[in-house]
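Enquirer: Here is my input; please provide its structure:
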Amino acid sequence: MLRKTQGSDGSDSFTSFILWWNGELAAGERLGCRRWSRGCGHDGGVMRIQGLTVQRRRGADRSTHMGALAQGVMRVGLLAGRPTAVARKCTAAALMACLMLCMATVVPTSAGAAGGSTLLTSTSAGIAGEPVRFSGKLSTRGARPVQLQRKVGTRWVKVADAKSNKRGQFAFRSTIRTVSTTYRVEAPAVRLGGRKLKVLSTPARKITTESQSGSLDLPTTADQASTISVATVFTPPRPGRPVELQMKTPRGWEQVATAPQSTVGGAKFLVPTEAVGSFDFRAMTAPFNGASAVTTAPRTLEVTATPPTDITPPAVPTGVVATPGNG
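Expert: You can find the predicted model right below:
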């Protein structure tokens, strides 16, 4: 819109207008030229530009944008009804002075560049079922809907909906899936405070799913009434996660001893062998922080009887002749 007024000196003044370049310029930047006047040598009059807003073509660099603006300033003369005089007499120096002043007050309006949006994750890998947190910030300010998405083939599928705060910050909570998954956060196009904000997408982040496993180490044979050392290791390690050593009985698997995982996922046990026979052992690490329990393969221990101690007294000596002494 162009509003034309006439000053007391007979000059034309243009206030609060938007220049449209045959529909070529779309959402971009606002150039705030506030109460600035520049002589253009038009028949002794002065053309004043008090407020100017232009829409920047998507993908255009600043030099291209400023060149279009320069052409637009001359087009103002056409709108004023004096096409030849203003276009010929507004010198290149006058136009460049206008552009330099406008460049100094560039402020963002509608949607910003998607490249400025960020996405962080609380972990890059974990066990299926464990929690994972997503947080980040959009490249534009303002509270708006956002969506956590995961990639399925070439498509993006919704995981959860939320809303960013006034600073464009957002957060999501989810759980690690049974397969490695790539995520992103997308902010759909929305109108906010009279501004139309375009779709924004954060960079993608991959969460790798780690498989659980465990091993059990114990001797294959032992003597009765002795003590054996049993060691187990689980991966990935989760320090403090409970581990049970279990033995198979007619009633099923029963707990023998417990210990927490170390920083490397290990646990050790000392087990007395009280009875003779064949015994099956296994280790199980309990469900923990969303991760399911995992059990090692069973191992068999053969306990044999200890040979009894020989308590038979020695035989009575024979053929011994006593010789009287001299006492």
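
Enquirer: Going by C-alpha atoms from here, please, whenever you check contacts or count neighbours.
Expert: Fine.

Enquirer: need the helices for the stretch 151-300 of the chain, in chain order.
Expert: Remark: helices of the stretch 151-300 of the chain are absent; assignment by DSSP state H, counting those that start in this stretch.

Enquirer: how near is R173 to G129?
Expert: Between R173 and G129 the computed distance is 12 Å (Cα to Cα, to the nearest Å).

Enquirer: Of the two, which one has the most company?
Expert: G129 (17 against 13; other Cα atoms under 10 Å).

Enquirer: Return the residues in contact with that one.
Expert: T175, I176, R177, T178, N289, G290, A291, S292 (Cα atoms under 8 Å, 6 or more residues apart in numbering).

Enquirer: Check those for burial and list the buried ones.
Expert: I176, R177, A291 (16 or more other Cα atoms under 10 Å).

Enquirer: rewinding a little: among the contacts of G129, which ones are in strands?
Expert: T175 (DSSP state E).

Enquirer: Rebuild the contacts of G129 as CSV, extending it with distance to R150 and pLDDT.
Expert: Below are the contacts of G129 laid out as CSV (distance: Cα to Cα, whole Å; pLDDT from 0 to 100):
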residue, distance to R150, pLDDT
T175, 12, 98
I176, 12, 98
R177, 11, 98
T178, 13, 97
N289, 22, 97
G290, 20, 97
A291, 21, 98
S292, 23, 98
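
Enquirer: Which single one of the contacts of G129 is nearest to L216?
Expert: S292 (18.6 Å; Cα to Cα).

Enquirer: My guess is the closest one contacts A286. True?
Expert: Yes. S292 lies in contact with A286 (Cα atoms under 8 Å); the separation is 7.3 Å.

Enquirer: Determine which two of the contacts of G129 are furthest apart.
Expert: Within the contacts of G129, T178 and N289 form the most distant pair, 15.0 Å apart (Cα to Cα).

Enquirer: Next, the contact list for V264, please.
Expert: V264 sits next to V233, P237, R238, P239 when contact means Cα under 8 Å, 6+ apart.

Enquirer: Quick one: buried ones out of these?
Expert: Using 16+ other Cα under 10 Å as the burial test, these include V233, P237, R238 as buried.

Enquirer: Turn those into JSON lines, columns for pLDDT and distance to R251.
Expert: Shown next, in JSON lines, are those (pLDDT from 0 to 100; distance: Cα to Cα, whole Å):
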{"residue": "V233", "pLDDT": "98", "distance to R251": "26"}
{"residue": "P237", "pLDDT": "98", "distance to R251": "31"}
{"residue": "R238", "pLDDT": "98", "distance to R251": "30"}
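
Enquirer: ok, so of those, who is nearest G136?
Expert: Nearest to G136 among those is R238, at 27.1 Å by Cα to Cα.

Enquirer: Thought A267 was touching the closest one, still the case?
Expert: No. At 11.4 Å, R238 does not count as touching A267 under the criterion of Cα under 8 Å.

Enquirer: returning to that earlier point: now distance to K248 too, for the contacts of G129, in JSON lines please.
Expert: As requested, the contacts of G129 are exported to JSON lines (distance: Cα to Cα, whole Å):
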{"residue": "T175", "distance to K248": "34"}
{"residue": "I176", "distance to K248": "33"}
{"residue": "R177", "distance to K248": "33"}
{"residue": "T178", "distance to K248": "30"}
{"residue": "N289", "distance to K248": "27"}
{"residue": "G290", "distance to K248": "27"}
{"residue": "A291", "distance to K248": "25"}
{"residue": "S292", "distance to K248": "21"}
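
Enquirer: What is the nearest of the contacts of G129 to S124?
Expert: I176 (10.0 Å).

Enquirer: so who does the closest one touch?
Expert: Shown in contact with I176 (Cα under 8 Å, 6+ apart): G126, I127, A128, G129, E130, P131, V132, I207, T209.

Enquirer: List just the nearest of those residues to T312.
Expert: Nearest to T312, judged by Cα to Cα, of those is I127 at 62.9 Å.
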